[in-house]
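>>> Quick one, what's the 3D model for this:
(2 chains, ligands or ions: 6)
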Amino acid sequence: MHETSLAMGLLDSLNQMAEREKAKKVLKVRVKIGKLSGIVVDSFVFAFNALKEQFPKLAGAELIVEETPTLYRCRACGHEFEVETVFFPECPKCGSVDLELLSGEELEVVDAEIEV
Amino acid sequence: MCDVCGCGQHDHEHEHSHFVVSDDTTKKNVEIKKSLFSENDRVARSNREHFDRHGILAINLISSPGSGKTTLLEKTIEALKDELKIGVLEGDIETERDAERVRAKGAAAVQLTTGGACHLEAPLVHKGFHALEKQMEGYPDILFIENVGNLVCPSSFYLGEHIRVVLISVPEGEDKPAKYPKAFKTSDVFIITKSDLLPYFDFDVEKVKKEALSLNPNLKIFVVSAKTGEGLDEWFNFLREKVQEKKAAKVEG
Ligand SMILES: Nc1nc2c(ncn2[C@@H]2O[C@H](COP(=O)(O)OP(=O)(O)O)[C@@H](O)[C@H]2O)c(=O)[nH]1
Ligand SMILES: [Mg+2]
Ligand SMILES: [Zn+2]
Ligand SMILES: [Zn+2]
Ligand SMILES: [Zn+2]
Ligand SMILES: [Zn+2]
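Ligands and ions are numbered 1, 2, ... in the order given. Below is the predicted model:
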């Protein structure tokens, strides 16, 4: 859906970072994308690679995506569990729906490797 | 005026880079730890400050195409236009005439051109709001932002609104809250529209309310029909009350 605009935003902010750090080029950038974030990773990577050519310092940048699992902790019994679905689950141990989301919604740029 | 476009004062977020590793002299690792939404969120916060400064109540409407957003706006404008100044930013791409429809009811409206995008983003709202200010030669009491018809993307993009409203129409079916949990978790108000159609569809209002509240216990829920007028007065009164709160906050602030 909005992978293209997010990829463009990422490239813009990397380009600003590269200017600020007086980098010759950006070699790698690492992002975390949660399964609940609604982002289609393939489309995001595709958009990143298609758009990066516009930025001389980013044209060779490699995008590394870490997909984070959907992890919940049950507030009733403390059980931690992973689910594959995007629907709100119940605790497989005790059936409670009082759950805390530990990971899955991430959409974060972690770090970048630059050449100075 | 406002910051983003250089028309006022602005607290720039200063960026600090943290160097973590530096294994050889030409390669450096820069820690970033920023959300991919951070630029959108920065502009959204600035929109919000802008609205607050002028005592404007901003409302973001999200739903699937055809749930009745524009129709509800038409009814709302008809009912409130003599007591409140209403401005509309129209992001819906289903019908190009949505801005015209609300203008015909007596509100100021600007059609936002999303270029086919599936959601609105804060910078476009910022631009659209300036166009609306010009059109109105002043400020609205309520700013409605009708988002692009889509229940997925718009819930990820904060626009600077005070109130986010999610709408589901009766014909869409009662499984919507479970299918689109994020829209419900991030909203403040849930409106079930087209209640006049309840006799013709399997749609258990109490069950849907319960499910929505289990996703978000703070949701304020309305059940309305633009056709029969059911529930509309409650909605109008809610808006009146929120506008009053906003004005009071501005006077105090
Ligand atoms: N029966 C019924 N139809 C409605 C109601 N509200 C809107 N509609 C119809 O639903 C269709 C889509 O409405 P619209 O407001 O354009 O939806 P939007 O895409 O969310 O802006 C139109 O044909 C409206 O006439 C209602 O309360 N009852
Ligand atoms: Mg519409
Ligand atoms: Zn989108
Ligand atoms: Zn449990
Ligand atoms: Zn202004
Ligand atoms: Zn501005």
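
>>> quick one, strands of chain A?
If DSSP state E is used as the criterion, the strands of chain A fall at A:25-34, A:62-68, A:70-74, A:80-83, A:99-103, A:107-115.

>>> Which neighbouring elements make contact with the shortest one?
Going back to what we said before, that points to strand A:80-83. When contacts are defined as 3 or more C-beta pairs under 8 Å, 6 or more residues apart in numbering or on different chains; DSSP states H and E, strand A:80-83 sits against strand A:70-74. Glycine gets a C-beta too; all of them are placed from N, C-alpha and C.

>>> residue ranges with poor pLDDT in chain A?
Screening chain A residue by residue with the criterion pLDDT under 70, one finds the ranges A:1.

>>> Go ahead and flag the most central residue of it.
Residue closest to the average C-alpha location in chain A (C-alpha atoms, centre = their mean): A:Ile33, at 2.5 Å.

>>> Let me see the contact set for that one.
Taking C-beta atoms under 8 Å, 6 or more residues apart in numbering or on different chains as the definition of contact, the neighbours of A:Ile33 are A:Ile39, A:Val41, A:Phe44, A:Val65, A:Glu66, A:Glu67, A:Thr68, A:Glu106, A:Leu107.

>>> Correct me if wrong: the fifth one contacts A:Gly34.
No. With contact defined as C-beta atoms under 8 Å, A:Glu66 does not count as touching A:Gly34 (9.7 Å).

>>> if you count what's nearby, which of these two comes out ahead?
Per other C-beta atoms under 10 Å in any protein chain shown, whichever of A:Glu66 and A:Gly34 has more neighbours is A:Gly34, with 20 against 13.

>>> In this structure that one contacts A:Thr70, no?
Yes. In terms of C-beta under 8 Å, A:Gly34 counts as a neighbour of A:Thr70; the distance is 7.1 Å.

>>> nearest residue to A:Asn15 other than its sequence neighbours?
Nearest residue to A:Asn15, sequence neighbours excluded (C-beta to C-beta, 6 or more residues apart in numbering or on different chains): A:Phe55, at 4.9 Å.

>>> burial count for that neighbour?
A:Phe55: 16 surrounding residues under other C-beta under 10 Å.

>>> Please report the distance of it from B:Glu78.
Per C-beta to C-beta, to the nearest Å, A:Phe55 is found 50 Å from B:Glu78.

>>> Find the residues that touch each one of A:Gly34 and A:Thr70.
Each of A:Ser103, A:Gly104 lies in contact with both A:Gly34 and A:Thr70 under the rule C-beta under 8 Å, 6+ apart.

>>> any idea how far A:Glu19 is from the residue nearest to A:Asn15?
Distance, A:Phe55 to A:Glu19, by C-beta to C-beta: 10 Å.

>>> For the helix ranked longest in chain A, which helices and strands make contact with it?
Longest among the helix segments of chain A by residue count, using DSSP state H, is helix A:3-20. Judged by 3+ C-beta pairs under 8 Å, 6+ apart, helix A:3-20 is in contact with strand A:25-34, helix A:41-51, strand A:107-115, strand B:27-35, helix B:38-53.

>>> A:Leu6 is nearest to which of these?
For those, distance to A:Leu6 was read as C-beta to C-beta. The smallest value, 6.7 Å, belongs to helix A:41-51.

>>> between that closest one and strand A:25-34, how many degrees?
Interaxial angle of helix A:41-51 relative to strand A:25-34 (axes from the mean of the first three to the mean of the last three C-alpha atoms, to 10 degrees): 160 degrees.

>>> Where do the helices of chain B begin and end?
B:38-53, B:69-80, B:98-104, B:122-136, B:176-179, B:181-185, B:205-215, B:232-252.

>>> What residues sit buried inside the last one?
Translated: helix B:232-252. The neighbour-count criterion (16 or more other C-beta atoms under 10 Å in any protein chain shown) identifies B:Leu232, B:Trp235, B:Phe236, B:Leu239, B:Lys242, B:Val243, B:Lys246 as the buried residues of helix B:232-252.

>>> can you pull the pLDDT of B:Ala226?
Confidence per residue is given as pLDDT, and for B:Ala226 that number is 98.

>>> Equivalent analysis for B:Met1, please.
What the model reports for B:Met1 is a pLDDT of 50.

>>> B:Thr95 too?
At B:Thr95, the model reports a pLDDT of 63.

>>> on that earlier part again, Provide the backbone phi and psi angles at the nearest residue to the residue nearest to the centre of chain A once chain neighbours are set aside.
Counting by C-beta to C-beta, 6+ apart, A:Ile39 is the residue found nearest to A:Ile33 once chain neighbours are left out, at 5.3 Å. For A:Ile39, the backbone dihedrals (degrees, to the nearest 10) come out as phi -90, psi 130.
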